[in-house]
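Chemist: Sequence unavailable; structure follows:
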DNA sequence: GTACACCCTCAAGCTACTAGAGGTTCAACC
DNA sequence: GGTTGAACCTCTAGTAGCTTGAGGGTGTAC
């Protein structure tokens, strides 16, 4: 039986985060000691590890909720899990493309800065005038 | 003189976002009509365009606040603007590296899915067991 | 003069957590 | 058995960067 603290340690999660996952129904309500402290078993450890791994791969909590649900029904076709992963892959690819465009632009900006006064600063100048950009970088949050 | 709606249109911003920027002091309080509606001039248009462009390049609102401040003082050395841009570039490079690792992993996951039952789903299996991953992808939110 | 698109303020909601206050429990040591 | 101190508890509020909605007022074209 694990305390919330050791579960946190084993999974690289913060204690508060585990309680948060419980609150939003992603983790089940665990057993408690007489004094009211949470105690976890291996099932919960596996579940949390799954969640953390999926978060590291960029899945949203909602997507993870679906994946966990699928994982709980081993006889259902795995098309859905596949679709969720493909969706995530697509998003990652879009973010990659945008981030690469930003990278180019920022690099150019920084390399052209000559170190004079802000009046002549290329960084500020580029920000002032989008038309100086070579690439598209339309979406915010890339 | 522009209404908030046309300013929003010209800059690809939402009306609410402009009011939000005003609220947090990133945009100045504009003039108003007798009825209390906001009216904007070219200075505000430029300022908002600058903000949006910087957001597209991934700068945080705090960084943008600093950049705007520098931009308002044309005789200060541009070292600071350069430092902010370099910081941003570094962050982008880190995010790129992480995102590329995720991309590889997701691709592998998706390609290995054979379309059977969820019990045998590679997607779920990989999520269950981090040790199957080829790459490190330690940080969340990459 | 009236329709109606647009504007106003204020408050709450979103994601995915994180931090802090103020108090209780557990386990080890003496 | 008593005491210490780390770890636990709940609850509330805060973070970024907006977005949404309620409930109402304004501006302008016909």
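Modeler: Yep, that arrived. Predicted, not measured: the structure shown is a model, and the values here were computed from it.

Chemist: separation between residue A:91 and residue B:106?
Modeler: 9 Å (C-beta to C-beta, to the nearest Å). No exception for glycine: its C-beta is placed from N, CA and C like everyone else's.

Chemist: The two - which one has more neighbours?
Modeler: More neighbours surround residue B:106 than the other of residue A:91 and residue B:106, with 24 against 15 (other C-beta atoms under 10 Å in any protein chain shown).

Chemist: hmm, the helix or strand in which residue A:109 is found touching DNA strand C?
Modeler: Residue A:109 belongs to helix A:79-112 when assigned by DSSP states H and E. No - on the criterion C-beta under 7 Å from any atom of the strand, helix A:79-112 is out of touch with DNA strand C, staying 11.1 Å away.

Chemist: touching chain B at all, that helix?
Modeler: Yes - with C-beta under 8 Å from any C-beta of the partner chain as the criterion, chain B is reached by helix A:79-112 at A:79-82, A:84-86, A:88-89, A:92-93, A:95-96, A:99-100, A:102-103, A:105-107, A:109-110.

Chemist: ok, then the element right after that helix?
Modeler: helix A:122-128.

Chemist: Can that following helix be said to contact DNA strand D?
Modeler: No - residues of helix A:122-128 are not located near DNA strand D by C-beta under 7 Å from any atom of the strand, the shortest gap being 14.3 Å.

Chemist: Look up how far residue A:44 lies from the closest residue to residue A:87 other than its chain neighbours.
Modeler: Excluding the flanking residues, the one nearest residue A:87 by C-beta to C-beta, 6 or more residues apart in numbering or on different chains is residue A:63, at 7.7 Å. For residue A:63, the distance to residue A:44 equals 20 Å [C-beta to C-beta].

Chemist: From residue A:53, how far off is the residue nearest to residue A:52 when sequence neighbours are not counted?
Modeler: Spatially, and ignoring its direct neighbours in sequence, residue A:52 is nearest to residue A:11 (5.3 Å; C-beta to C-beta, 6+ apart). Between residue A:11 and residue A:53 the computed distance is 9 Å (C-beta to C-beta).

Chemist: Angles on the backbone of residue A:36, please.
Modeler: Residue A:36 adopts backbone torsions of phi 100, psi 10, taken as degrees, to the nearest 10.

Chemist: and it, what pLDDT?
Modeler: The confidence metric pLDDT takes the value 96 at residue A:36.

Chemist: what's the pLDDT at the residue positioned nearest the centre of chain A?
Modeler: Residue closest to the average C-alpha location in chain A (C-alpha atoms, centre = their mean): residue A:58, at 3.6 Å. Note for residue A:58: predicted pLDDT of 83.

Chemist: any idea how far it lies from residue A:118?
Modeler: Distance of residue A:58 to residue A:118, computed by C-beta to C-beta: 37 Å.

Chemist: mind listing what the residue of chain A found nearest DNA strand D touches?
Modeler: Residue nearest to DNA strand D within chain A: residue A:5 (2.3 Å; C-beta to the nearest atom of the strand). Contacts for residue A:5 were tallied using C-beta atoms under 8 Å, 6 or more residues apart in numbering or on different chains; they are residue A:15.
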